[in-house]
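In: predicted model, plus sequence, below.
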Amino acid sequence: MVPDSSPADLEGLQREFERTLLGGERKFTRIEVSERAGISIARAERMWHALGFATVPDDEIAFTDDDVEALRLVAALEDDDFIDPEMESSLARKLGQTQSRLASWQSSMFLEFLGGSKLSADEAIEVAEQLLPAMERLQTYVWRRHLAAAAGRAVAGSDELARGVRTVGFADIVSYTRLTRRMTEAELGQLIERFEGMAADVVALNGGRVIKSIGDEVLFVTDSAAQGAAVALALQDAVNAAEDLPELRIGLAYGTILIRLGDVYGEVVNLAARLTAECKPGRVLADRELAAALDGHPAYRLRRLRRVSVRGYHHLVPYAVQRAEEQ
């Protein structure tokens with residue numbers, strides 16, 4: 001909140017922020033915006049909901065010129081046969097989910113900055129106007145770099161990678177629910193930020209990719225079994241070296257997965273999740289397929305454990321993953 005601001009000042013500040021962030025004034029109702037974009041109201045509503053936005057009353061002036069252009073762009077992708085109608089909604093949904101989370105973090109960061117500053121309302125607007133283009137350029141740069149890396153992996157990948165054969169791993173904070181009861185919101189936020197940052201660094205350094213993080217859990221993939229083991233053990237090392245992070249349980253599984261719009265699905269993902277739930281704190285468990293893929297690898301040793309019965313798998317055989325020198 002801007003210091004020494006009245007309710008009227010805050011309302012004006014909110015309007016100015018909105019105009020700056022939306023790229024212009026609200027001009028159109030939902031019927032008008034669909035007409036200007038040249039698509040049906042039903043199709044516009046479908047895309048609007050898929051992007052994660054709430055329904056707007058028919059008579060509410062809620063849309064800008066940029067909303068019209070965005071609808072035209074998405075519709076053009078389908079009309080040019082680049083994507084089919086089902087993919088259109090999936091694409092919009094993934095974009096909405098990803099950008100919503102990013103926007104939530106960015107807005108919190110900006111509000112914290114305002115709360116610790118002595119800026120007037122006009123100065124805050126000026127900062128936002130300067131910051132927005134820089135953030136847009138940075139996000140475009142990061143997106144292009146990730147796109148180039150993903151395209152490179154796809155073009156140069158082996159037959160296994162082309163079929164979607166990967167290692168999937170879950171890293172889960174031990175006793176997270178109990179921790180949340182003892183921590184303030186600020187302390188919990190710091191813990192999650194520290195955990196996610198550490199995990200992202202370790203996964204990237206060892207050749208993996210974070211698919212998503214959900215509070216106390218990070219889901220990652222690697223292109224090989226050895227990379228999966230390297231990521232998991234490096235994560236445990238990083239937690240052991242840190243004084244402010246709780247222990248982790250990590251489960252790994254290897255095989256064919258469905259990779260769709262940045263997320264992963266299939267039995268291998270389920271197996272990794274089940275193994276994580278069965279894992280002891282500070283350990284790494286793997287499934288039979290990953291153990292077979294690492295058989296004979298000089299850097300790792302896998303020890304077969306007793307069979308366990310978990311939901312969906314009555315005879316699951318876990319393997320403890322260790323470095324060879326730890327034997």
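Out: Structure's in. What do you need? Numbers count the residues shown, from 1 in each chain.
In: quick one, phi/psi of residue 61?
Out: Residue 61 adopts backbone torsions of phi -80, psi 100, taken as degrees, to the nearest 10.
In: hey, where'd the strands end up in the stretch 51-200 of the chain?
Out: 165-173 (DSSP state E, counting those that start in this stretch).
In: show me where it dips below the pLDDT cut-off.
Out: Scanning the stretch 51-200 of the chain for pLDDT under 70 picks out the ranges 81, 85-86, 114-117, 121, 153-163.
In: what segments of the chain are helices?
Out: Counting by DSSP state H, the chain has helices at residues 7-22, 30-37, 41-50, 65-79, 85-115, 121-156, 159-162, 176-182, 185-205, 225-241, 267-278, 288-293.
In: same list, those helices, but as a markdown table with mean neighbour count and distance to residue 310 please.
Out: Glycine gets a C-beta too; all of them are placed from N, C-alpha and C. Listed next are those as a markdown table, based on neighbours: other CB atoms under 10 Å; distance: least, CB to CB, whole Å:
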| stretch | mean neighbour count | distance to residue 310 |
| --- | --- | --- |
| helix 7-22 | 13 | 46 |
| helix 30-37 | 19 | 47 |
| helix 41-50 | 17 | 34 |
| helix 65-79 | 16 | 41 |
| helix 85-115 | 14 | 29 |
| helix 121-156 | 12 | 32 |
| helix 159-162 | 11 | 27 |
| helix 176-182 | 11 | 19 |
| helix 185-205 | 15 | 24 |
| helix 225-241 | 21 | 19 |
| helix 267-278 | 21 | 5 |
| helix 288-293 | 20 | 14 |
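In: need the ones you listed in TSV with distance to residue 305, can you?
Out: What follows is the helices of the chain, written out as TSV (distance: least, CB to CB, whole Å):
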stretch	distance to residue 305
helix 7-22	53
helix 30-37	57
helix 41-50	44
helix 65-79	49
helix 85-115	37
helix 121-156	33
helix 159-162	26
helix 176-182	24
helix 185-205	25
helix 225-241	16
helix 267-278	9
helix 288-293	10
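In: so how far is residue 287 from residue 267?
Out: Distance, residue 267 to residue 287, using CB to CB, to the nearest Å: 10 Å.
In: before we move on, what about residue 321?
Out: Counting by CB to CB - residue 321 and residue 287 are separated by 11 Å.
In: name the residues contacting each of these two.
Out: Residues touching both residue 321 and residue 287 by CB atoms under 8 Å, 6 or more residues apart in numbering: residue 252.
In: quick one, which of the helices of the chain is nearest to residue 253?
Out: Of all the helices of the chain, it is helix 267-278 that lies closest to residue 253, at 3.8 Å by CB to CB.
In: helices or strands next to that closest one in the packing?
Out: strand 165-173, strand 248-256, strand 284-286, strand 308-310, strand 313-316 (3 or more CB pairs under 8 Å, 6 or more residues apart in numbering; DSSP states H and E).
In: pick the most deeply packed of the ones you listed.
Out: When you average the neighbours per residue for each of the helices and strands packed on helix 267-278 (mean count of other CB atoms under 10 Å), strand 284-286 leads with a mean of 29.
In: show me what that strand is in contact with.
Out: Here strand 284-286 makes contact (CB under 8 Å, 6+ apart) with 228-229, 232-233, 236, 250-254, 275-276, 278-279, 294, 302, 305, 318-322.
In: can you check stretch 76-96 too?
Out: Residues outside stretch 76-96 that contact it (CB under 8 Å, 6+ apart): 46-47, 50-53, 74, 260-263.
In: figure out how far it is from the centre of its chain.
Out: Here stretch 76-96 is found 20 Å from its chain centre; the criterion is CA atoms, centre = their mean, to the nearest Å.
In: the helices and strands packed on helix 267-278: which one's closest to residue 186?
Out: Among the helices and strands packed on helix 267-278, strand 165-173 comes nearest to residue 186, with 17.5 Å by CB to CB.
In: then the closest one to PDB, C-alphas only?
Out: In PDB, the C-alpha atoms belonging to strand 165-173 read as follows (Å, rounded to 0.1, in the frame of the first residue of the first chain):
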ATOM      1  CA  VAL A 165      10.700 -42.300 -22.200                       C
ATOM      2  CA  ARG A 166      11.900 -40.300 -19.200                       C
ATOM      3  CA  THR A 167      12.700 -40.500 -15.500                       C
ATOM      4  CA  VAL A 168      10.000 -38.900 -13.400                       C
ATOM      5  CA  GLY A 169      10.800 -37.800  -9.900                       C
ATOM      6  CA  PHE A 170       8.800 -36.400  -6.900                       C
ATOM      7  CA  ALA A 171      10.600 -34.600  -4.100                       C
ATOM      8  CA  ASP A 172       8.300 -34.200  -1.100                       C
ATOM      9  CA  ILE A 173       8.900 -32.200   2.200                       C
END
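In: partners of it, with directions?
Out: Here strand 165-173 is paired, per DSSP bridges, with strand 217-222 (antiparallel), strand 248-256 (antiparallel).
In: nearest to residue 149, out of those?
Out: Nearest of the strands paired with strand 165-173 (CB to CB): strand 217-222, 13.4 Å.
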